[in-house]
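K.L.:
generate coordinates for the sequence data below:
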Amino acid sequence: VKGSIATSSSNLAATFGQCNDLREVEIIGNPSLGRMPFSGCDKLERITLPQNWGQIPDEYLMESGLISYQIPEQITTIGKKVFYGCSNLHTVYIPATVKEIGANSFPVNVSKVYYGGTESQWNKISIDDGNHLPTPEFLHVHSYVTEDTDVYGESIYLCKCGSYSYEAPVPTLQNTIIAN
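P.N.:
So this is what the prediction gives:
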């Protein structure tokens, strides 16, 4: 099931709770979906938040089936328990725009965090108690990455950051190239 949500009058908990066939959601506008709207949506693979949101509300993606999630660039605040109970969530990209992470937002099973800023910026984020985040991999900011093939026909990536260029493997997250 794939769909878009534009409005909702529901203020109940778990608006889409236990929708086991819900795989992809695009939220448009600012619908009121209540607490834990995607709780128990075990097959939820992708959720697109509105461009005008500056924060992910408390408990918003709690207990959903996400495996990886790329937090949108406009987000500055990750509410409390946003990914709490997401037992499949292993990889997260956090943009440099994030300034605050609420209590218990990330579960212990997150094994890989990519951060879009520097270590200095990361250390300035207000991270409340109960978050189980491994040391992030700091990504090049303003990198230019191109895909090419080597002499054996294998994919390689060329990364250019300022005047420094190098060839390196580049991980992907939800079809987005992330430069190491």
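K.L.:
the nearest residue to Q55 once chain neighbours are set aside - how many residues pack around it?
P.N.:
Leaving aside its chain neighbours, Q55 sits nearest to T77 (3.7 Å; criterion: C-beta to C-beta, 6 or more residues apart in numbering). Just so you know, the C-beta spots here come from the backbone N, C-alpha and C atoms, and that holds for glycine as well. By the criterion of other C-beta atoms under 10 Å, T77 has 17 neighbours.
K.L.:
in the sheet, who's paired with T77?
P.N.:
Q55, E100 (DSSP bridges).
K.L.:
all numbers from here: first residue = 617
P.N.:
Will do, 617 is the new start, and the previous item becomes T693.
K.L.:
so how far is G656 from it?
P.N.:
25 Å (C-beta to C-beta, to the nearest Å).
K.L.:
what does G645 give?
P.N.:
From G645 to G656 the distance is 24 Å (C-beta to C-beta).
K.L.:
so between these two, which is more surrounded?
P.N.:
G656 (18 against 12).
K.L.:
F722 - how many residues pack around it?
P.N.:
Using other C-beta under 10 Å, F722 has 24 neighbouring residues.
K.L.:
wait, it sits on F699?
P.N.:
Yes - with contact defined as C-beta atoms under 8 Å, F722 and F699 form a contacting pair (5.3 Å).
K.L.:
give me the common contacts of these two.
P.N.:
Applying C-beta atoms under 8 Å, 6 or more residues apart in numbering, one finds that F722 and F699 are jointly contacted by 705, 708.
K.L.:
where's G701, which helix or strand?
P.N.:
Per DSSP states H and E, G701 falls between elements, in no helix or strand.
K.L.:
ok, for it, nearest residue in space, not its chain neighbours?
P.N.:
E679 (3.9 Å).
K.L.:
quick one, what contacts the one you found?
P.N.:
652, 654-656, 700-702.
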